[in-house]
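Visitor: I need the structure of the sequence given here:
(one chain, ligands or ions: 1)
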Amino acid sequence: MTDTPKPFAPGAFLHLRANQLAKGAPIAPPITTASMFHLPGQPDGSDFYGRATNPTWNDVEKQLTVLEQAPTRLFPSGMAAISAALFATCRSKTRLLLPSDGYYTTRLLADRFLAQLGVTVVERPTAAFEDGGFDGFDVVFLESPSNPGLDMMDIAATAQAVRAAGGITIADNTTLTPLGQRPLDLGVDIVVSSDTKAMGGHSDLLLGHVSSRNDDVMEAITDWRLYSGAIPGPHAAWLLHRGLETLEVRFDRMCHNAEALAARLAEHPSVQTLRFPGLPQDPAHNLARAQCSRFGFLISFTLADEATAEAFINDCPLIRPATSFGGVHSSAERRARWGDAVDPGFVRLSVGIEPAEELWAAIEAAL
Ligand SMILES: *Cc1c(COP(=O)(O)O)cnc(C)c1O
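Guide: Take a look at the predicted model:
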């Protein structure tokens, strides 16, 4: 990685590019689509081929390096980032621990491909990570809050226990972003993120990243990208650069909106169980207060049955019925339709940046 990260300040990444420009340079970064670069004589570390480096990725990786306070590589999707982290750390006979209630595709990747290479894959619910018992695990993957159940684990205690047992930790920080939670500062070895979600924020790109302060890990991650060819497209990278410039404002508004909505939803007679780590009565509240700087923008709750939940999601004019989350428009879906182990009336709501009172009025009417 190229730059030494500046001390973390929410606004520091915003002016990163602008502060380094030569006279006449464009303020917004150009999109470089070149596969070939001018390369007379001996290679000397300049850009030389589009699978190895790209100036537009570079602009985004600089922003992410400041946000994560760690060297970072960009990948074409969250799953490409997760694949890089797992293939860089797992080998034959590795024992890998995964959350049984985390992002579904991570488990599919491990079961379908890592297991057949001789990796032993073990699953455990997020809420049970606090029981310890990490002896014999080489790689422990965690996701807190879990998706879609929003359970949490003590990240610092888990990272410390895994390290004491000789293993390394990978945290999927997609749901809270580096502005809401900083797993590397809590002792985790590797952070992965789907930047398709709140980081990009406009539901118009797929990307992901891997960050780590461990040089050997980042060398393996960089080699994985170069050799596997799992490289981001320059146009998506450019969109992410633009999205990140408004991340702080969007994330702040989304979290505020979610806090306001969760408190009111929890009181609503049509809402059965509700999970939002920001509510004092939520089982994850104390952990969230201790390790997160924001409570996030995801709320999960259960309505009477499938038909009620479908009607709510489809009829509320300010909610987009859609899978995925983290966009500027509020969206929701019934997770049971994908086979998640949740109630048929279980709704995951991703709160957007709409004015809070308009959003609540629309939700209340739809309920
Ligand atoms: C969406 C998501 C992913 C996968 O990201 P893609 O960009 O869709 O590949 C991984 N982890 C979590 C928690 C996610 O929400």
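Visitor: can you map out the helices along the stretch 201-350 of the chain?
Guide: According to DSSP state H, counting those that start in this stretch, the stretch 201-350 of the chain carries its helices in the segments 215-228, 234-244, 247-267, 285-291, 306-315.
Visitor: which strands and helices sit next to the third one?
Guide: The one in question is helix 247-267. Contacts defined by 3 or more C-beta pairs under 8 Å, 6 or more residues apart in numbering; DSSP states H and E place helix 247-267 against helix 177-180, strand 274-275, strand 298-302, helix 356-366. (Glycine included, C-beta is placed from N, CA and C.)
Visitor: Let me know the next secondary structure element after the first one.
Guide: Scanning forward in sequence from helix 177-180, with DSSP states H and E defining helices and strands, the next element found is strand 190-194.
Visitor: got the contact list for that next one?
Guide: With C-beta atoms under 8 Å, 6 or more residues apart in numbering as the test, strand 190-194 has contacts from 68, 70, 77-79, 81-82, 85, 89, 168-174, 177-178, 183-184, 199, 207-212, 214, 217.
Visitor: Adjacent strands (with direction) for it?
Guide: Counting by DSSP bridges, the strands paired with strand 190-194 are strand 168-172 (parallel), strand 208-212 (antiparallel).
Visitor: Can you pull out the low-pLDDT segments for the stretch 101-250 of the chain?
Guide: Scanning the stretch 101-250 of the chain with the threshold set as pLDDT under 70 gives no residue ranges.
Visitor: Now it against the ligand: closest residue?
Guide: With C-beta to the nearest ligand atom as the measure, the residue in the stretch 101-250 of the chain that lies nearest the ligand is residue 194; the distance is 3.1 Å.
Visitor: Report the contact partners of the closest residue to that residue other than its chain neighbours.
Guide: Nearest in space to residue 194, with sequence neighbours left out and distances taken as C-beta to C-beta, 6 or more residues apart in numbering, is residue 78 at 2.4 Å. Residue 78 makes contact with 103, 172, 174, 192, 193, 194, 195, 196, 197, 206, 207, 208, according to C-beta under 8 Å, 6+ apart.
Visitor: what about 7 Å?
Guide: Residue 78 is in contact with 174, 193, 194, 196, 208, counting by C-beta atoms under 7 Å, 6 or more residues apart in numbering.
Visitor: distance of it from residue 195?
Guide: To residue 195, residue 78 is 7 Å away according to C-beta to C-beta, to the nearest Å.
Visitor: And residue 209, by the same measure?
Guide: Shown here: residue 209 relative to residue 195, a distance of 6 Å by C-beta to C-beta.
Visitor: Ok, residue 176 next?
Guide: Distance, residue 176 to residue 195, by C-beta to C-beta: 13 Å.
Visitor: More neighbours: the two, which one.
Guide: residue 195 (31 against 26; other C-beta atoms under 10 Å).
Visitor: Wait, the more buried one touches residue 208, no?
Guide: Yes: under the contact definition of C-beta atoms under 7 Å, residue 195 touches residue 208, with a separation of 5.5 Å.
Visitor: picking up where we left off before, can you flag the buried ones in the contacts of residue 78?
Guide: 174, 193, 194, 196, 208 (16 or more other C-beta atoms under 10 Å).
Visitor: Can you get me a residue count around residue 187?
Guide: Taking other C-beta under 10 Å as the neighbour definition, residue 187 ends up with a count of 17.
Visitor: Report the contact partners of the nearest residue to it once chain neighbours are set aside.
Guide: For residue 187, ignoring the flanking residues on the chain, the nearest one in space by C-beta to C-beta, 6+ apart is residue 159 at 3.6 Å. Contacts of residue 159 were listed using C-beta under 7 Å, 6+ apart, and they are 169, 186, 187, 188.
Visitor: Check those and tell me the two furthest apart.
Guide: Using C-beta to C-beta, the pair of those lying farthest apart is 169 and 186, separated by 9.5 Å.
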